[in-house]
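Visitor: Next comes the sequence, and after it the predicted model I'd like to discuss.
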Amino acid sequence: MSSRVNALSPAGVRLAAYLCTVESPSHLNQYKKTNSLEDVASLIGTTKRHLNRIRKDWSEKGIIKRKEKEIQILNWDKINELSENVRFEWLSTREIYKTF
């Protein structure tokens, strides 16, 4: 059961919730191009700098793999756990591929 993302949730929870919201079974373990890190940060209510800290931490923990402006999700179970089972309700399919 999922609920809406709480703006007071930690940024890591919001980023994980965002990734789970845009998850597509056909794109598992595929790189997702980041057109604008600023857009993703704005969508989840944080800064680009903080988003980079989270991505660095997750990369060091083996949750994701970073490559320039792309990431590869290595551990979807951990991303789902970090999301605390919340999802963004306002994202449309078109928005998924424009951002993260």
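Guide: Good, I have the coordinates.
Visitor: contacts, neighbours, all on C-alpha from now
Guide: OK.
Visitor: ok now do residue 17, which residues does it touch?
Guide: For residue 17, the contacting residues are 5, 79, 80, 82, 83, 84, 85, 86, 87, 88, by Cα atoms under 8 Å, 6 or more residues apart in numbering.
Visitor: Ignore what I typed, I meant residue 76.
Guide: Residue 76 neighbours (Cα under 8 Å, 6+ apart): residue 63.
Visitor: From residue 23, how far out is it?
Guide: Per Cα to Cα, to the nearest Å, residue 76 is found 9 Å from residue 23.
Visitor: Only C-alpha atoms, please: export the longest helix anywhere in the chain in CSV.
Guide: Determined from DSSP state H, the single longest helix within the chain is helix 48-60. These are the backbone C-alpha positions of helix 48-60, laid out as CSV (Å, rounded to 0.1, in the frame of the first residue of the first chain):
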residue,chain,number,x,y,z
LYS,A,48,21.0,19.6,-6.5
ARG,A,49,23.9,19.5,-3.9
HIS,A,50,21.9,17.4,-1.5
LEU,A,51,20.8,15.1,-4.3
ASN,A,52,24.4,14.6,-5.3
ARG,A,53,25.3,13.7,-1.6
ILE,A,54,22.6,11.1,-1.6
ARG,A,55,23.6,9.6,-4.9
LYS,A,56,27.3,9.5,-3.8
ASP,A,57,26.2,7.7,-0.5
TRP,A,58,24.0,5.2,-2.4
SER,A,59,26.8,4.6,-4.9
GLU,A,60,29.3,3.9,-2.1
